[in-house]
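Asks: fold the following and give me the result.
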Amino acid sequence: MATFEYPHPDIELGVPREAIEYALAFPSYGMSPQTGVIFYIHGFGFRYNDAYAGKLLPYLADTYDCIAVSVDYHGARRYHGKSQSRPAPDFFAKLEEHYGVTVTAPAGTDVWTVVNAVCYQLANRGVTQLHPECQIVSGAEGYANFGVLPAMDHLQVLGTVLKNHVVDRKRLFVLGTSYGGYIGLLLNKFAPNTFRLIVDNSGFSGPADTLPSLYGMSSSVGAMRLVHRCLVAFSGDPSSPNYLSPSRRMIRDLAVAAHYHLSSETMLHSYHSEADTVAPTAAKKRLALVLGRRRRYDLRLISEADIDGRIFKNAKHGMDASLRGLFDLSYRRWMSEAADPPAVTDFDLGTVNRFPCGEEDYVLTFGRDDVSLAVEPA
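Replies: The predicted model follows:
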């Protein structure tokens, strides 16, 4: 395990940041001149150092002669605080106000037993989402910054790895799943000359895919969806300083054609279930139309006929896919299709990447082993 002491400041909401941890796995047979780096980026609900990562990282390190890295990126812990969520003090009063539901329960009854019973009752009446004033307050760590700070965390960790270890800059890879797949694709948008292959399993295309979760966290009780609202989060209120403005949405949207003005040799491989409703397949198809003209992007839609029980287990979000199998498949394709990549990264080039986002520009500036992000008036 390692720690990055000075993560990039939150330039949008100004929330103080703490040091971030990350896990490293080195090839068991030692480093070589060809040793590269591969990030495994987990999705919501997983940890950078959980049992799955504990098995996957050594496999990637030994199989592909890489330093395998997993980062405790911004917001990654928030779903682990769901058990700390509680109804807001006026939750039951608002239920009565909006739905005419009066709740009584014996003393000592677990509050979630009561909440679940009410949600099932309302779901039977056709209610699929509670009124916004019926709030669940989250006790989780971090808010849903959605992409920007997680991407910066990975780039800063990469800068540290490149500084501290002699690695083959031609062999820098990303393997991401669900939200982690989205972060992986965002890394190419931010750093088009750094990674050689990015594998995305069922990633989002932008904040519109899961907008309510940017205001809190989503969970389900039967057919009822609850939003656990963080104490600090983006807001849908234009008068709020935390407003998720059009500019803030645009920098997070992978399908903004103008954001791909710099060339890139990175190969992007996406795998997505045709039936995915969590990360909507229609949005991924629209993304493919944009990226297909500007990047070496390949989207493979997985149908019921493709479920093989080995790599793809089902047609749900994520397909319960074998991440080993996905990277094995993509790496073979990369080896057969990729031209000899350059041995430089955006850190070496000192890239300045400007993203026009309506009233504001986001400007990403690379140094020798660090990177910074600023927001400037357009």
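Asks: the helices in this protein, which residues?
Replies: Along the chain, counting by DSSP state H, helices occupy 51-64, 91-99, 111-124, 148-164, 179-190, 211-214, 246-252, 281-294, 323-337, 346-349.
Asks: next one: Ala151 from Ser372, what distance?
Replies: The gap separating Ala151 from Ser372 is 13 Å, by CB to CB, to the nearest Å. To be clear about C-beta, it is placed using only N, CA and C from the backbone, and glycine gets the same treatment.
Asks: excluding its backbone neighbours, what's nearest Gly36?
Replies: Using CB to CB, 6 or more residues apart in numbering and skipping residues adjacent in sequence, the residue nearest Gly36 is Arg171, 2.7 Å away.
Asks: over to Val69?
Replies: Once chain neighbours are set aside, the closest to Val69 by CB to CB, 6+ apart is Phe39, at 5.2 Å.
Asks: just give me the neighbour total for the one you found.
Replies: By other CB atoms under 10 Å, the residues close to Phe39 number 28.
Asks: go ahead and confirm it touches Thr177.
Replies: No: applying CB atoms under 8 Å as the test, Phe39 and Thr177 come out as separate, 11.7 Å apart.
Asks: if I look at the nearest residue to Tyr297 once chain neighbours are set aside, how far off is Met267?
Replies: Nearest residue to Tyr297 in three dimensions, chain neighbours excluded: Leu291, at 3.9 Å (CB to CB, 6+ apart). According to CB to CB, Leu291 stands 11 Å off from Met267.
Asks: show me the contacts for the residue nearest to Val69.
Replies: Contact partners of Phe39, counting by CB atoms under 8 Å, 6 or more residues apart in numbering, are Ala68, Val69, Ser70, Val71, His154, Leu158, Phe173, Val174, Leu175, Gly176, Gly184.
Asks: which members of those residues are positioned in strands?
Replies: Ala68, Val69, Ser70, Val71, Phe173, Val174, Leu175, Gly176 (DSSP state E).
Asks: and those residues, which is closest to Thr128?
Replies: Ranked by distance to Thr128 (CB to CB), the ones in strands among the contacts of Phe39 are led by Gly176 at 29.8 Å.
Asks: any regions of the chain where pLDDT drops low?
Replies: 79-84, 138-142, 216-220, 227, 229-231 (pLDDT under 70).
Asks: walk me through the domains of it.
Replies: The chain is divided into the following domains under automatic domain parsing: 2-77+145-209+240-344, 86-137.
Asks: deepest in the core, which of those is it.
Replies: domain 2-77+145-209+240-344 (a mean of 19; mean count of other CB atoms under 10 Å).
Asks: so what pairs up with Leu24 in the strands?
Replies: Val69 (DSSP bridges).
Asks: re the thing from before, pull up the gap between the residue nearest to Val69 and Ile183, please.
Replies: Going from Phe39 to Ile183 by CB to CB gives 9 Å.
Asks: list the residues that contact both of those two?
Replies: His154, Gly176.
Asks: so who does the residue lying closest to Asp50 once chain neighbours are set aside touch?
Replies: Among residues not flanking Asp50 along the chain, His42 sits closest, at 7.8 Å (CB to CB, 6+ apart). Contact analysis of His42 by CB under 8 Å, 6+ apart lists Tyr48, Asp50, Tyr52, Ala53, Ser70, Ala76, Gly176, Thr177, Gly180.
Asks: the fifth one against Tyr40, yeah?
Replies: Yes: with contacts defined as CB under 8 Å, Ser70 counts as touching Tyr40 at a distance of 4.9 Å.
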